[in-house]
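J.: Turn this into a structure:
(one chain, ligands or ions: 1)
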Amino acid sequence: MRIIRSNSELESLHSAGVGFIYNDFSGRGSKGKDYNVLHIASCRWVVRSNVNVPKYFFSNIDEAIKWLLRNRGGEGKNWKRCGTCQAKSRPIFQVSRESKSLATVESTALRTGVGVLLDDLEKFEYRFQSFKKIDYESYPYCFGEFWKWKLRTETKGEHILDAQHINETYDRLSQTLKIWQWHRPCSFFKLAKRLKDALEKMRDAYNQIRSYSLLEFSEIPNEALKLVWHELGCVKTVGGKNHGGYYLVMATTKPLMFLWGQTLAFDSVVRGCMPRFSILGLGDNYWSFKTWKKVMLKFQESLNQQPEVVSLFKEVSQKEYGTDKNIPYGQFLDIYYWVSSPCARIKP
Ligand SMILES: [Zn+2]
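T.: Got it, this is the predicted structure:
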């Protein structure tokens with residue numbers, strides 16, 4: 001173990017990218033133990049820190065663990081590994097001081113030929129907090145509360161569209177959709193019954209898709225997915241159901257984003273800021289089932305190619321919702337693109 005004496009020493013260890021750095025926030029005490037974190041030297045969080053909080057350097061993981069166990073106690077009790085870099089001896093991604101996160105994400109994307117999901121990882125948490133402020137103005141009818149309630153409800157066997165919960169789901173969902181003016185230009189009252197019917201009709205299909213995350217989108221049974229798309233799509237679309245499933249995209253995906261968390265809501269702001277994926281018709285208000293699927297598959301592929309984005313989302317989900325199992329990937333991406341727009345301060 002070596003004590004890092006200065007910020008410039010910390011910076012050069014980070015740039016060199018070899019070894020491990022421990023943030024000794026609370027020493028042997030347990031107050032503030034959440035900040036006692038072990039990182040790989042190249043972790044992006046190291047760039048943002050300084051030696052005002054004591055930092056220790058270890059040349060390898062064995063040395064670090066041995067010292068921590070002896071001097072700071074068991075892992076998970078008084079210290080932990082970073083949620084982003086996981087203090088894995090083989091780093092998931094390396095950020096040198098020159099390249100920064102943007103270049104890393106871009107090069108990953110270029111190598112693999114998928115879109116860059118987040119042009120700047122650091123911005124996500126800022127945007128998440130900005131969105132939360134707006135969203136929670138309408139507490140308890142906001143995404144955060146809806147999602148927490150869904151997580152509490154969807155344990156063994158039970159889910160938010162089953163006979164026992166569907167009324168509460170409808171109440172919570174419709175209050176929130178009203179605030180976001182999902183019904184425009186219709187009156188909410190006109191759409192209410194159709195929305196409720198749609199939720200009833202998609203009960204089984206929803207139950208089939210709900211355990212798949214965006215990372216596994218391609219494995220979802222097509223019939224279930226299609227049924228959900230058609231049922232929600234025709235609630236707001238003049239002319240109702242149609243063969244290709246051409247519906248107002250945001251009208252369809254907004255309720256589904258709340259219920260499932262894995263799709264983005266794709267309003268015009270988001271469609272304007274997200275990667276193009278070389279898919280035609282992305283800018284249109286109406287999407288077919290095929291277009292939506294293509295876009296979702298591209299997001300799946302990109303997420304799987306950019307593990308740094310997945311770890312970041314897991315970290316935020318753990319912090320906000322106490323779990324890194326059921327993560328609203330689609331909603332997180334939606335926030336990132338939506339808040340990026342200067343006009344997004346005002347609700348759509
Ligand atoms: Zn880290």
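J.: Which pLDDT value does the model give residue 345?
T.: Listed pLDDT for residue 345 reads 43.
J.: Any idea which helix or strand in the protein has the lowest mean pLDDT?
T.: helix 100-112 (a mean of 52; mean pLDDT, DSSP states H and E).
J.: Can you give me the buried ones in the next helix or strand after it?
T.: As assigned by DSSP states H and E, the chain's next helix or strand after helix 100-112 is helix 121-135. Neighbour-count burial for helix 121-135 flags 121, 123, 124, 127, 128, 130, 131, 135 (criterion: 16 or more other CB atoms under 10 Å). (Each C-beta comes from the backbone N, C-alpha and C, glycine too.)
J.: Stretch 139-147 too?
T.: Per 16+ other CB under 10 Å, stretch 139-147 contains these buried residues: 141, 142, 143, 144, 145, 146, 147.
J.: how much space between the nearest residue to the second one once chain neighbours are set aside and residue 236?
T.: Closest residue in space to residue 142, ignoring its immediate chain neighbours: residue 135 at 4.2 Å, by CB to CB, 6 or more residues apart in numbering. Remark: distance between residue 135 and residue 236 (CB to CB, to the nearest Å) = 22 Å.
J.: again, but for residue 28
T.: 59 Å.
J.: ok, now residue 268?
T.: 15 Å.
J.: cool, and residue 315?
T.: 35 Å.
J.: More neighbours: these two, which one.
T.: residue 236 (24 against 17; other CB atoms under 10 Å).
J.: The more buried one: what's its closest spatial neighbour, skipping adjacent residues?
T.: Residue 236's closest residue in space is residue 251 (CB to CB, 6+ apart), at 3.7 Å.
J.: Can you give the distance from the helix or strand where the one you found lies to the centre of its chain?
T.: For residue 251, the host element (DSSP H and E) is helix 249-260. Centroid separation for helix 249-260 versus its chain: 15 Å, with CA atoms, centre = their mean, to the nearest Å.
J.: Spell out which parts of the chain neighbour the ion.
T.: Contact residues, the chain versus the ion (CB under 5 Å from the ion): 39, 43, 45, 82, 84, 85.
J.: Check which helix or strand the closest residue to residue 176 other than its chain neighbours maps to.
T.: In space, and not counting its chain neighbours, residue 176 is closest to residue 141: 4.4 Å by CB to CB, 6+ apart. If you go by DSSP H and E, residue 141 is not part of any helix or strand.
J.: show me where pLDDT drops low in the stretch 51-200 of the chain?
T.: The stretch 51-200 of the chain contains residues with pLDDT under 70 at 89-115.
J.: could you list every residue that touches the one residue in it that gets nearest to the ion?
T.: Residue of the stretch 51-200 of the chain nearest the ion, by CB to the ion: residue 82 (2.8 Å). Contacts of residue 82 were listed using CB atoms under 8 Å, 6 or more residues apart in numbering, and they are 37, 38, 39, 40, 43, 45.
J.: could you redo the last one with a cut-off of 7 Å?
T.: Residue 82 is in contact with 37, 38, 39, 43, 45, counting by CB atoms under 7 Å, 6 or more residues apart in numbering.
J.: Can you show me the strands along the stretch 201-348 of the chain?
T.: Using DSSP state E, counting those that start in this stretch, the strands found in the stretch 201-348 of the chain span residues 247-248, 286-287.
J.: For the last one, give me every contacting residue.
T.: By CB under 7 Å, 6+ apart, the list of residues contacting strand 286-287 from outside reads 246, 247, 248, 249.
J.: swap in the first one?
T.: Under the criterion CB under 7 Å, 6+ apart, residues 233, 234, 236, 237, 285, 286 lie in contact with strand 247-248.
J.: Just the buried subset of these, please.
T.: By neighbour count, with 16+ other CB under 10 Å, the contacts of strand 247-248 hold 233, 234, 236, 237, 286 as buried.
J.: Next, the contact list for residue 147, please.
T.: 261, 321, 328.
J.: hang on, the earlier thing: tabulate the strands of the stretch 201-348 of the chain (JSON lines), appending mean pLDDT.
T.: What follows is those, written out as JSON lines (pLDDT from 0 to 100):
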{"stretch": "strand 247-248", "mean pLDDT": "94"}
{"stretch": "strand 286-287", "mean pLDDT": "95"}
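J.: Between the buried ones among the contacts of strand 247-248, which sits nearest the ion?
T.: residue 233 (42.2 Å).
J.: Apart from its neighbours in sequence, what residue is nearest that closest one?
T.: residue 247 (3.1 Å).
J.: Could you give the number of residues near the one you found?
T.: 27.
J.: The one 3 residues further on now?
T.: When neighbours are counted by other CB under 10 Å, residue 250 registers 23.
J.: Contacts for the lengthiest helix in the chain next, please.
T.: As assigned by DSSP state H, the longest helix anywhere in the chain is helix 289-305. With contacts defined as CB under 7 Å, 6+ apart, helix 289-305 is touched by 108, 112, 114-115, 117, 214-215, 217-218, 226, 229, 244-245, 249, 263, 277, 279, 281, 309-310, 329, 333.
J.: May I see the PyMOL selection of the buried members of these?
T.: Typed into PyMOL, the line below selects the buried ones among these, using 16+ other CB under 10 Å:
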select buried, resi 108+114+115+117+214+215+217+229+245+249+263+309+310+329+333
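J.: Which residues are in contact with the residue nearest to residue 270 when sequence neighbours are not counted?
T.: Nearest non-adjacent residue to residue 270, counting by CB to CB, 6+ apart: residue 337, 4.4 Å away. Shown in contact with residue 337 (CB under 7 Å, 6+ apart): 270, 273, 274.
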